[in-house]
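Visitor: How does the following fold in three dimensions:
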Amino acid sequence: MSMVFIISAPSGSGKSTLVKMLLDSVDGVDFSISCTTRAPRKGEVDGGNYRFLTRGEFLAMRDAGGLLEWAEVFGQLYGTPGAVLERARQRGHDLVLDIDVQGARQLKEQIPEAVTVFILPPSREELEKRLRSRSLDEDAVIARRLADASKEIGNYFAYDYILVNDRLDRAAEKLKGIFLAERCRQQRAEAVIRPILQSFEEREDR
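Guide: This next block holds a predicted model:
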């Protein structure tokens, strides 16, 4: 049974870095590449960071039922293609999704067993410092991101786990620990457990 592992965080909290570290350290995991209508940022490539679509292409995919979830953020559309989950299940892999609070809520309604993690910055001051150090946004955009962060953080109680990214290496280890522990839950480990139990039953029959 494939595990759906959802990670959300305010912009600038280090979510993308932590997701990459998780994917690099654990086998048998697929990453869901989201679709978006926003323009690529410097260094981003189509199919690597996002699937960059026109608004018309995105809405056509949504209307055809091709998205597991979607949301509008900062005037741009973001969504998760349903095909990524089916592909992960066919491969026997778990699926990690990097999506916002709106998307996580929608997906949790569809897949109640999905595991959710919310990443927090250590403080508002530190979040602002990180946003400014990226040199990607103007002051007005940073102010908007900070205001939205305050709203997003208010949804922390809806998540299964809360992770404070105060030190990257420590946060990465905790995230990996959560992921591996969830893999060991009984209902997800049935495929591994079943042949072990069967071996004991066969021994008793002799």
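Visitor: Leaving out the residues flanking it, which one is nearest to Arg183?
Guide: Counting by CB to CB, 6 or more residues apart in numbering, Met3 is the residue found nearest to Arg183 once chain neighbours are left out, at 6.4 Å. The C-beta positions use only the backbone N, C-alpha and C, and glycine is treated the same way.
Visitor: mind listing what that neighbour touches?
Guide: Asp94, Leu95, Ala114, Val115, Glu182, Arg183, Arg188 (CB atoms under 8 Å, 6 or more residues apart in numbering).
Visitor: out of these, who's nearest Gly14?
Guide: When those are compared for distance to Gly14 (CB to CB), Val115 wins out at 19.1 Å.
Visitor: which stretches of this protein form helices?
Guide: Under the criterion DSSP state H, helices of the chain are mapped to 15-25, 55-63, 83-91, 101-110, 124-133, 139-153, 168-183, 190-205.
Visitor: orientation of the first one relative to helix 168-183 in degrees?
Guide: Counting by axes from the mean of the first three to the mean of the last three CA atoms, to 10 degrees, helix 15-25 points 60 degrees away from the direction of helix 168-183.
Visitor: Pull out the buried residues from helix 15-25.
Guide: Buried residues in helix 15-25, counting neighbours by 16 or more other CB atoms under 10 Å, are found at Lys15, Leu18, Val19, Met21, Leu22.
Visitor: any idea how far the third one is from Pro40?
Guide: Pointing back at Val19 there. Using CB to CB, to the nearest Å, Val19 is found at 18 Å from Pro40.
Visitor: With the fourth one instead?
Guide: Between Met21 and Pro40 the distance, using CB to CB, works out to 23 Å.
Visitor: swap in the second one?
Guide: Taking CB to CB as the measure, Leu18 and Pro40 are separated by 22 Å.
Visitor: and if you look at the first one?
Guide: Distance from Lys15 to Pro40, counting by CB to CB: 18 Å.
Visitor: Show me which parts of stretch 127-145 are buried, residue by residue.
Guide: Neighbour count says stretch 127-145 has Leu127, Glu128, Arg130, Leu131, Asp137, Ile142, Arg145 buried, by 16+ other CB under 10 Å.
Visitor: same check, this time on stretch 142-158
Guide: Ile142, Arg145, Leu146, Asp148, Ala149, Glu152, Ile153.
Visitor: Hmm, the second one is touching Ser13, no?
Guide: No - contact between Arg145 and Ser13 fails when scored by CB atoms under 8 Å: they sit 10.5 Å apart.
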